[in-house]
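Chemist: structure, please.
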Amino acid sequence: MARFVSVYPLVTTRALARPFTYRGDGLEKGAVVSVPLGRTRRRGVVVQSGIAAPPGVEPVEVERVVGRVPPALVDLALWVADYYASTPGRALALVAPRAPARRGGGSPRPPAESELSPEAVPATLTEAQAGALERIVAALGSGGRFLLFGATGSGKTEVYLRACATALERGLSAIVLVPEIALTPQALARFRARFGDTVACLHSGLTGAERRDERERILSGEARIVVGARSAVFAPVEALGLVCVDEEHDASYKQESDPRYDARAVAARRAVLEGAVVVYGSATPRPESWQLLERIDLGVRLGQPLPRVRVVDLAREGGYPLSAPLLAALGRVADERGRAILLLNRRGVAPALHCRGCGGTVRCRACDVSLVLHGDRRLHCHHCGSVGPAPSACPACGSAELARLGAGTERLEQELAERLPELARFRLDADVAAGDRAGRVLARFAASEGAVLLGTQMVAKGHHFAGVSLAAVVDADSGMLLPDFRAEERTFQLVTQLAGRSGRDRPGRVLVQTFAPDARPIALAARHAVPEFLAGELERRRDLGYPPFRHLVRIVVSGPSSEGPDAVLRELRASLEPAAAGADLLGPARLLRLRGRHRGQLLVKVADPRPVAARAGALLAAAARAMRRDDIAAVVDVDPQSLH
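Modeler: Below you'll find the model as predicted:
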C-alpha cells in the first residue's frame, strides 16, 4: 500500500501557503524533497507522513530527497509561521536553507580560525559561578529558562563554557547565540580553544559553501556545539540540551524581514519542544527578561571593581566631540601606552548640513531624513543608500553658508589624528565591518599598544580586551529622544555596556558626554544601578501597557502617496476592532517617508498577539490583488523592536 506524505513547498506566495499531498514511500517528517508543483519543480519539507490521500485525488510521486532536518525543527518552523504571521514555506526555509552543490567530492571542513586569541582557562570558579553552573546543570534533561545576570566581567562566558562541557558529557548538544556577526570571531575563539572542531559556526556572513559544510558537520554529529548570530537558533543539532543567548538585551536578535522572528523567543520555544535549558545572559537585561525569567545573579565583576563614571556636561564643557576632560583622559592613555574605546553611535563626518541662510538641512529626495556627509566628501542616505556630491551652496535658497552639524565616527577619527597622532586608531562601524573585516580590526586593536577603538554601538557589545583603561561615550543623547518607548532603555544599556569595557584587568575610567546629565538613564548608568533602572522601567510599562505586560503587533503600510496607506490602515482598524476585545489600537499614524514610499502604522497592544496578527494577515491577503494594483505593501510585525 502506498504511503502518502504532506509537504509544504518552500515558496513565498501566500496563495500556496498550504500543504500538498504526495506519494512518498519511506519518507519521514523532516525530509527535504524535490516535488513537482504545477509546471515547475520546488523544494519542500515533509511535515507529516503516513497520511491518507484526499478523496478523488491521485497524488504524484516525490521526485527525490535532497536533505533532511530534525523533526523538532519542522515543528519549530511551523510555530514561527503561526506566531509571527508568516507562511510555513518562508519559515521552513529557515531550517532547510538551499545549499550549493559540492564540487570535487571534498569533505566538510570548519572555517578558518579567528585571529583573536582566546582567554586563559580559570583554575577555579567563584562561589557565584559555581552556584549558577549547578542550577543550570541540574535542569539539563528536564528544561528551564534562566536569566544569568551579572556585571560586565562577572564571568558569564565561563559559565556558558562549563555548562556546554557538561551537556557534551551527557550526550547533548548546545547552541550559543551572540547578537552580532562582529562578535562571532571572539566567541568562536573561546569555544574552539575549549572544544576544538566539535564547534561549528553559523551566521549570514559565511559563504553558501561554508554554511553547507557547517550544516553537514552538525547533521553528522561531528559538531555538537554551534556558535553564531540569530539564525544559528535553527541549527540542525540533534539532542539539543542547552541554548545560551549572550547579550540577550540586544535588539539585533530580531529579524527585520519576513519571517520577523525574535531569536530569543524562538530559543525559548525550541527549548520547550526539545526539553532543553535556555540561559539568557546580560549585564543589562531587558525588562521583559527581568520580569519573566528565573534569575541567577553572578554579582560583581571579577578582579577589578567596576570603574567610576564621570558625566561630562557638554553645556558647560566646549570642544565637541572631544571635550577637554576626554582629551586629558586620552592623553593619559597615550602616555601609559594603554587602550581606549570610544562610542559614537553615528557614522560619517557630520549627520547633517545646515543652511544658515534659510535654516533648512540638505535632505534625501526619497526619504524624510537628512543626508550624512562622509569622508569621501559625498552625501549619503543611510536608509535608501543614495549617494551624491556635497553641494557648495544650499539647494533650497542658494546660500553658501552651509554648516556641518554634529559629528560621526569619521570626524571623530579625524580629530583624534589631529589632536593625538601618537594613538593608533581603529574604527569599527557599518562602513568598515563588512565580511570578516570586523574580526581583523578587533584583532589588530587587541595586539596594539597606545590605541583607540572607536565606532558605533558594535564597540560596546561584549568585547573583552586586556589593557583597556578608558571607555567613553562621546554623545549619550543621540538615541534618547527617539519616538520609541524603548529609547531610555537602550540609552541605559549602551552607556552601561560601554562602561563595562574599561578596567577589567587594571583600574579604569569612564566618561559620558551629554547635554542632559540629569536624565534618568544616564544618571543611573553612571551609578551602574541596573536593578533600580529596571524597577522604574517596569513600573512605567505596567502603567502604559507595554511589554512585558502586553504584547505589541505593529502593522506598517507603505505606498507611493500617503492616501493609500492611510485608507488601508483605517480599514484595518475598523475590521480589527471587533476581533480585538480588550486590546488597545493606536493609530493610524504617519511615519517618515523612506525609499520614496509614504508610510503609516497601526499599533495594537494585546495580551495574545496571534489572533490579531492572523486576522490582519488574512485581511491583507484578501486585499492583496487590489494593493498590488495600487503599489501598496504591508508588513505585520509581532513583538517589534522598533516603532519609528
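Chemist: lowest-confidence helix or strand of this structure?
Modeler: helix 437-446 (a mean of 84; mean pLDDT, DSSP states H and E).
Chemist: what's near enough to touch residue 627?
Modeler: Contact analysis of residue 627 by C-beta atoms under 8 Å, 6 or more residues apart in numbering lists 568, 620, 633, 634. No exception for glycine: its C-beta is placed from N, CA and C like everyone else's.
Chemist: give me the secondary structure label for it.
Modeler: The assignment at residue 627 comes out as helix when based on DSSP: H, G, I helix; E, B strand; the rest coil.
Chemist: what's the helix or strand containing residue 133 packed up against?
Modeler: Assigned by DSSP states H and E, residue 133 falls within helix 127-139. Using 3 or more C-beta pairs under 8 Å, 6 or more residues apart in numbering; DSSP states H and E as the contact criterion, the elements in contact with helix 127-139 are strand 144-150, helix 156-169, strand 277-282, strand 294-299.
Chemist: identify each buried residue in it, please.
Modeler: Going by neighbour count (16 or more other C-beta atoms under 10 Å), the buried part of helix 127-139 is 128, 129, 132, 133, 135, 136, 137, 139.
Chemist: hang on, isn't the second one packed against residue 160?
Modeler: Which is residue 129. No - in this structure, residue 129 is not within contact of residue 160 by C-beta atoms under 8 Å, at 10.7 Å.
Chemist: follow-up on the earlier one: which of the contacts of residue 627 lies closest to residue 13?
Modeler: Of all the contacts of residue 627, residue 13 sits closest to residue 620, with 13.5 Å by C-beta to C-beta.
Chemist: what's across from the nearest residue to that closest one once chain neighbours are set aside in the sheet?
Modeler: Nearest residue to residue 620 in three dimensions, chain neighbours excluded: residue 634, at 4.9 Å (C-beta to C-beta, 6 or more residues apart in numbering). In this entry, residue 634 is beta-bridged to residue 557, by DSSP bridges.
Chemist: then residue 553?
Modeler: Bridge pairing for residue 553 - DSSP bridges - gives residue 604, residue 638.
Chemist: could you pull up the contacting residues of it?
Modeler: The neighbours of residue 553, taking C-beta under 8 Å, 6+ apart as the test, are 603, 604, 606, 609, 612, 613, 616, 636, 637, 638.
Chemist: just residue 306 next, same as before
Modeler: Residue 306 sits next to 151, 152, 300, 499, 500, 503, 528 when contact means C-beta under 8 Å, 6+ apart.
Chemist: the residues you listed in helices, which ones?
Modeler: residue 499 (DSSP state H).
Chemist: find the pair from the contacts of residue 306 with maximum spatial separation.
Modeler: Across these, the longest distance by C-beta to C-beta is 14.0 Å; it joins 300 and 499.
Chemist: and those two? which has more neighbours close in?
Modeler: Taking neighbours as other C-beta atoms under 10 Å, residue 300 and residue 499 compare with residue 499 leading, 29 against 16.
Chemist: tell me how far that one lies from residue 343.
Modeler: Noted for residue 499: a distance of 10 Å to residue 343, by C-beta to C-beta, to the nearest Å.
Chemist: name the residues contacting each of those two.
Modeler: Jointly contacting residue 499 and residue 343 under the rule C-beta under 8 Å, 6+ apart are residue 471.
Chemist: ranges for the strands of the stretch 351-500 of the chain?
Modeler: Secondary structure of the stretch 351-500 of the chain by DSSP state E, counting those that start in this stretch: the strands cover 352-355, 372-373, 378-380, 387-389, 402-405, 424-428, 451-455, 468-473.
Chemist: still on that earlier bit, by neighbours, which of the contacts of residue 627 wins?
Modeler: residue 568 (26 neighbours).
Chemist: the helix or strand encompassing that residue: which residues count as buried?
Modeler: Here residue 568 sits within helix 563-576, counting by DSSP H and E. Of the residues in helix 563-576, 564, 565, 566, 567, 568, 569, 572, 573, 576 count as buried by neighbour count, 16+ other C-beta under 10 Å.
Chemist: right, and the first one touches residue 629 too?
Modeler: No - taking C-beta under 8 Å as the contact criterion, residue 564 and residue 629 are not neighbours in contact, 10.5 Å apart.
Chemist: how about JSON lines for the strands of the stretch 351-500 of the chain, with distance to residue 63 and mean neighbour count added?
Modeler: Listed next are the strands of the stretch 351-500 of the chain as JSON lines, based on distance: least, C-beta to C-beta, whole Å; neighbours: other C-beta atoms under 10 Å:
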{"stretch": "strand 352-355", "distance to residue 63": "57", "mean neighbour count": "20"}
{"stretch": "strand 372-373", "distance to residue 63": "51", "mean neighbour count": "24"}
{"stretch": "strand 378-380", "distance to residue 63": "48", "mean neighbour count": "19"}
{"stretch": "strand 387-389", "distance to residue 63": "46", "mean neighbour count": "11"}
{"stretch": "strand 402-405", "distance to residue 63": "61", "mean neighbour count": "15"}
{"stretch": "strand 424-428", "distance to residue 63": "47", "mean neighbour count": "20"}
{"stretch": "strand 451-455", "distance to residue 63": "50", "mean neighbour count": "25"}
{"stretch": "strand 468-473", "distance to residue 63": "57", "mean neighbour count": "26"}
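Chemist: closest to residue 86 out of the ones you listed?
Modeler: Residue 86 lies closest, by C-beta to C-beta, to one member of these: strand 378-380, at 32.1 Å.
Chemist: the nearest residue to residue 623 once chain neighbours are set aside: what's it in contact with?
Modeler: Of all residues not flanking residue 623 in the chain, residue 568 sits nearest, at 7.4 Å (C-beta to C-beta, 6+ apart). For residue 568, the contacting residues are 557, 559, 623, 627, 632, 634, by C-beta under 8 Å, 6+ apart.
Chemist: hmm, back to that, adding distance to residue 92 as columns, could you present the buried residues of helix 563-576 in TSV?
Modeler: Shown next, in TSV, are the buried residues of helix 563-576 (distance: C-beta to C-beta, whole Å):
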residue	distance to residue 92
564	32
565	31
566	35
567	34
568	29
569	30
572	28
573	32
576	28
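Chemist: for stretch 275-295, buried residues please.
Modeler: For stretch 275-295, burial by neighbour count (16+ other C-beta under 10 Å) applies to 275-291, 293.
Chemist: and it, how far apart are its ends?
Modeler: Criterion C-alpha to C-alpha, to the nearest Å; first-to-last residue distance in stretch 275-295 is 19 Å.
Chemist: so how far is that stretch off the chain centroid?
Modeler: Between the centre of stretch 275-295 and the centre of its chain there are 16 Å (C-alpha atoms, centre = their mean, to the nearest Å).
Chemist: same deal with stretch 394-402?
Modeler: Worked out by C-alpha atoms, centre = their mean, stretch 394-402 lies 40 Å from the chain centre.
Chemist: ok, now stretch 541-557?
Modeler: Remark: stretch 541-557 is offset 19 Å from the chain centroid, using C-alpha atoms, centre = their mean.
Chemist: thank you, goodbye.
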